[in-house]
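1. No letters, just coordinates:
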């Protein structure tokens, strides 16, 4: 076990080098294999993870809860409404108090600035379970899934089709650090904002913006989309109208490599961003991807607590 000299936060993929990300992915794969063999390494025995949720969650909540328990630890589930945050206690003060009670915090919160403030004041590891800006744990699960099926991501051509969002941003970070090529096709109305464009520029040519979604998918090894309507969106009908040409259907998938995979972080709105024949088809690995949230996050948890290999 590594003797950590500083707090190991997991806030964004771009914060880490390829060596660190590979350590996490390797541990994720190893823990997955051990689980299938009936072994449960108690790496985090007697540790407590606080899970804080600003909004509803299925995969993030269950996978972190189960993952922590499988590693021998315990969890406390909290919502913003249950905490003094709802009465305007500062994020920093919350971090200082929680650091006295638990051993790590996983937070799913819309404001990325609040995440950074929490991590800045905490004296324990903080994990980004999702913000409006990024979703790094999801992308680790995606990469694990791709590599299990098709091999190294640094040899892959990935196509993102739909609106520019937090999952897309973390994919930009992933190819920047780990390699590969990412094509992004999004309508101008829901395209990358200035912050996203800065991340794309930092990728140094590994990411390309392509207007035509079919052209973006052409020859891709992996096609990814996400829900068009997220929590809090009010322009539902307008989004559906503008994004309709970006729906991933059989015709769209036929432009990709014949062995291309399809991914979606879920929940999916069948008939909007993806058709059921693609989601339930032979190229879809969406449920393998969802399962790997458990394993990838166990790798993240292990790394945050100082482990570099298992």
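-> Received it, and whenever you're ready, just let me know what you need. Worth saying up front: this structure is predicted, and the values here are computed from it rather than measured. Numbering: from 1, shown residues only.
2. Break down the stretch 101-250 of the chain into its strands, ranges please.
-> Residue ranges of the strands in the stretch 101-250 of the chain, as given by DSSP state E, counting those that start in this stretch, are 104-108, 126-130, 157-161, 181-185, 207-209, 222-225.
3. Counting neighbours, what do you get for residue 64?
-> Using other Cβ atoms under 10 Å, residue 64 has 26 other residues around it. Heads up, the C-betas are built off the backbone N, CA and C, glycines and all.
4. So it is in contact with residue 104, correct?
-> No. If you go by Cβ atoms under 8 Å, residue 64 and residue 104 don't touch, sitting 10.1 Å apart.
5. Identify the contacts common to those two.
-> 49, 127, 301 (Cβ atoms under 8 Å, 6 or more residues apart in numbering).
6. Pick the one among the residues you listed closest to residue 176.
-> Nearest to residue 176 among these, counting by Cβ to Cβ, is residue 127 at 20.5 Å.
7. ok, and the closest non-adjacent residue to that closest one?
-> Once flanking residues are discounted, residue 127 sits nearest to residue 106: 4.3 Å by Cβ to Cβ, 6 or more residues apart in numbering.
8. With residue 130 instead?
-> Nearest to residue 130 is residue 108, by Cβ to Cβ, 6+ apart, at 4.7 Å.
9. looking at it, that neighbour is touching residue 57, isn't it?
-> Yes. Here residue 108 reaches residue 57: they are 5.7 Å apart, a contact under Cβ under 8 Å.
10. Neighbour count for the two, which is higher?
-> residue 108 (24 against 17).
11. and the gap between the residue nearest to residue 133 when sequence neighbours are not counted and residue 146?
-> Leaving out its chain neighbours, the residue that sits closest to residue 133 by Cβ to Cβ, 6+ apart is residue 112, at 3.8 Å. Between residue 112 and residue 146 the computed distance is 26 Å (Cβ to Cβ, to the nearest Å).
12. Of these two, which one has the most company?
-> residue 146 (24 against 19).
13. There's contact between the more buried one and residue 260 in this structure, I believe.
-> No. Using Cβ under 8 Å, residue 146 makes no contact with residue 260, being 10.5 Å away.
14. joint contacts of the two?
-> With Cβ under 8 Å, 6+ apart, residue 146 and residue 260 have common neighbours 221, 222.
15. show me the residues around the nearest residue to residue 277 once chain neighbours are set aside that make contact.
-> Nearest residue to residue 277 in three dimensions, chain neighbours excluded: residue 250, at 5.9 Å (Cβ to Cβ, 6+ apart). By Cβ under 8 Å, 6+ apart, the residues touching residue 250 are 275, 277, 278, 281.
16. Look up how far residue 66 lies from residue 250.
-> With Cβ to Cβ as the criterion, residue 250 and residue 66 are 35 Å apart.
17. mind showing which ranges of the stretch 1-150 of the chain have poor pLDDT?
-> For the stretch 1-150 of the chain, applying pLDDT under 70 flags the ranges 1-5, 84-87.
18. That one: helices as residue ranges?
-> 18-36, 59-70, 91-101, 112-121, 136-150 (DSSP state H, counting those that start in this stretch).
19. burial count for residue 201?
-> Counted with other Cβ under 10 Å, the neighbours of residue 201 add up to 11.
20. Could you measure from it over to residue 224?
-> 21 Å.
21. Same check on residue 146?
-> Computed as Cβ to Cβ, the residue 146 to residue 224 distance reads 10 Å.
22. Mutual contacts of these two, please.
-> Joint contacts of residue 146 and residue 224 (Cβ under 8 Å, 6+ apart) are residue 263.
23. In TSV: the strands of the stretch 101-250 of the chain, plus distance to residue 80.
-> Below are those laid out as TSV (distance: least, Cβ to Cβ, whole Å):
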stretch	distance to residue 80
strand 104-108	10
strand 126-130	13
strand 157-161	30
strand 181-185	32
strand 207-209	34
strand 222-225	29
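24. Residue 170: which of those is closest?
-> Nearest to residue 170, of all these, is strand 126-130, at 9.3 Å by Cβ to Cβ.
25. about what we covered before: thought residue 131 was touching the residue nearest to residue 133, still the case?
-> Yes. Using Cβ under 8 Å, residue 112 is in contact with residue 131, at 4.2 Å.
26. related to what we said a few turns ago, can you put the shared contacts of residue 64 and residue 104 in JSON lines and add neighbour count and distance to residue 185?
-> Output for these, formatted as JSON lines (neighbours: other Cβ atoms under 10 Å; distance: Cβ to Cβ, whole Å):
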{"residue": "49", "neighbour count": "27", "distance to residue 185": "37"}
{"residue": "127", "neighbour count": "25", "distance to residue 185": "30"}
{"residue": "301", "neighbour count": "29", "distance to residue 185": "34"}
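27. Okay then, goodbye and thanks.
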